[in-house]
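sequence plus predicted model, see below.
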Amino acid sequence: MSTLHLNAKDYWNKDMNRWNVNDWDIYIIKQDPKITKMQCHKLLSAELKRMKLKFTNDHPVYQRVERVQYMLKRIQKDKFNIRLWKNLKERNEKE
């Protein structure tokens, strides 16, 4: 993964079976607690697009990237993700 010029190399170096939108959001929030949901998901989308360009569609990384992209498209309905961002917003408003 080191040749892909990704922003979150340490995230992508972990087991790809753990890659998902909620895990990504938690990782990025720890890096930048003031990030917005839109910024976070745009960054994820850009990272996924970069990875997809580097692998063939039969490669396990490509297939996992497609799965995460699918999750990202449907994240608005994810109850955990909604609570995560609501709690972050409330915490930031208190500061």
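Looks like it arrived, so ask away. Numbering: from 1, shown residues only.

ok, the nearest residue to K52 once chain neighbours are set aside - contacts?
In space, and not counting its chain neighbours, K52 is closest to V65: 5.1 Å by CB to CB, 6 or more residues apart in numbering. Where C-beta positions appear, they are placed from N, C-alpha and C, glycine not excepted. Applying CB atoms under 8 Å, 6 or more residues apart in numbering, we find V65 in contact with L48, M51, K52, F55.

okay, now N17: neighbour count?
Residues near N17, counting by other CB atoms under 10 Å, number 9.

please disregard the earlier target; I meant H5.
10.

L44: neighbour count?
24.

test my guess that it contacts W24.
Yes. Assessed by CB atoms under 8 Å, L44 is found in contact with W24 at 5.2 Å.

list residues touching both of these two?
V68.

rewinding a little: just the buried members of the contacts of V65?
Buried members of the contacts of V65, scored by 16 or more other CB atoms under 10 Å, are L48, M51.

name the nearest of the contacts of V65 relative to N92.
Among those, L48 lies closest to N92 (CB to CB), at 26.0 Å.

hang on, the closest one packs against L72?
Yes. At 7.5 Å, L48 counts as touching L72 under the criterion of CB under 8 Å.

picking up where we left off before, which of the contacts of V65 sit farthest apart?
Every pair of those checked by CB to CB; the farthest is L48 and F55, at 11.1 Å.

distance of W12 from N92?
27 Å (CB to CB, to the nearest Å).

the two: which has the busier surroundings?
W12 (20 against 12).

hang on, the more buried one packs against E47?
Yes. Between W12 and E47 there is a contact at 7.3 Å, judged by CB under 8 Å.

what is in contact with those two at once?
Common neighbours of W12 and E47 (CB under 8 Å, 6+ apart) are L6.

any regions of the chain where pLDDT drops low?
The chain contains residues with pLDDT under 70 at 1-4.

returning to that earlier point: possible to save the contacts of V65 as TSV with secondary structure?
Output for the contacts of V65, formatted as TSV (DSSP: H, G, I helix; E, B strand; the rest coil):
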residue	secondary structure
L48	helix
M51	helix
K52	helix
F55	coil
